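Asker: 3D, please:
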Amino acid sequence: MKRGRIIQILLMAILISGASIFYFGNVGAQEKDIAALETEGEAWTGKKEQGAKKAADRIAIPGFESLTLKADTKEQAVNFYNPEQNVCYFKLTLSVGETTLWESKLIEPGYGIYNIELNQPLSAGEYPEAVLKYECYTIEETPSPLNGSEIECLLLVI
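Answerer: Model prediction:
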């Protein structure tokens, strides 16, 4: 009877160890993917909001009613930025429908991106289904995902 109990305890310990190794091995792989993202951007020189304070419980996300891009070229001038009062990284993705046009690396607070290269050129026209997606990550050695936002906007290509 005592021997059966010892075998049960050993099997339970092996099962828990195996589950722990599997779980923590997969979590580490996900964190490495996020950590592998490099930061980009330059010091943002746009209009600074007066009185803006850092707030760990709030993330300031710039909104756009419309974005204007040049037709038939991948190189574009933009003004995407992470407000300096934020205490998180931004990762931005610009898409139209199911098509991803551009994706940034991590952008530090107080930094912006002024020039991007689209994955494909766009024809002139209006694209009402454009989305600028903000993914937010903690500022740590291994960034962790936070809340984000998807801004629907009109994409004007001229």
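Asker: quick one, strands of the chain?
Answerer: 39-40, 42-43, 66-69, 75-81, 88-96, 99-103, 106-107, 111-117, 125-138, 149-157 (DSSP state E).
Asker: How far away from the center of its chain is the last one?
Answerer: The chain centre lies 17 Å from the centre of strand 149-157; the measure is CA atoms, centre = their mean, to the nearest Å.
Asker: For it, list every residue counted as buried.
Answerer: 151, 153, 155-157 (16 or more other CB atoms under 10 Å). Any C-beta I mention is one placed from the backbone N, CA and C, and that applies to glycine too.
Asker: Thr67 pairs with what?
Answerer: Slight slip there: residue 67 is Leu, not Thr. Leu155 (DSSP bridges).
Asker: Thr99 now?
Answerer: The partner residues for Thr99, given DSSP bridges, come to Val96.
Asker: Any stretches of this protein with poor pLDDT?
Answerer: For the chain, applying pLDDT under 70 flags the ranges 1, 4, 10-13, 15-38, 44, 46-56.
Asker: repeat that with 50
Answerer: For the chain, the stretches with pLDDT under 50 are 27-35, 49-51.
Asker: Show the contacting residues for Pro121.
Answerer: By CB atoms under 8 Å, 6 or more residues apart in numbering, Pro121 lies in contact with 71-74.
Asker: Quick check: of these, which lies closest to Ser123?
Answerer: Minimum distance to Ser123 across the contacts of Pro121 is 6.1 Å, recorded for Ala71 (CB to CB).
Asker: quick one: contacts for the closest one?
Answerer: 121-124, 157-158.
Asker: can you do 7 Å?
Answerer: Going by CB atoms under 7 Å, 6 or more residues apart in numbering, Ala71 touches 122-124, 157-158.
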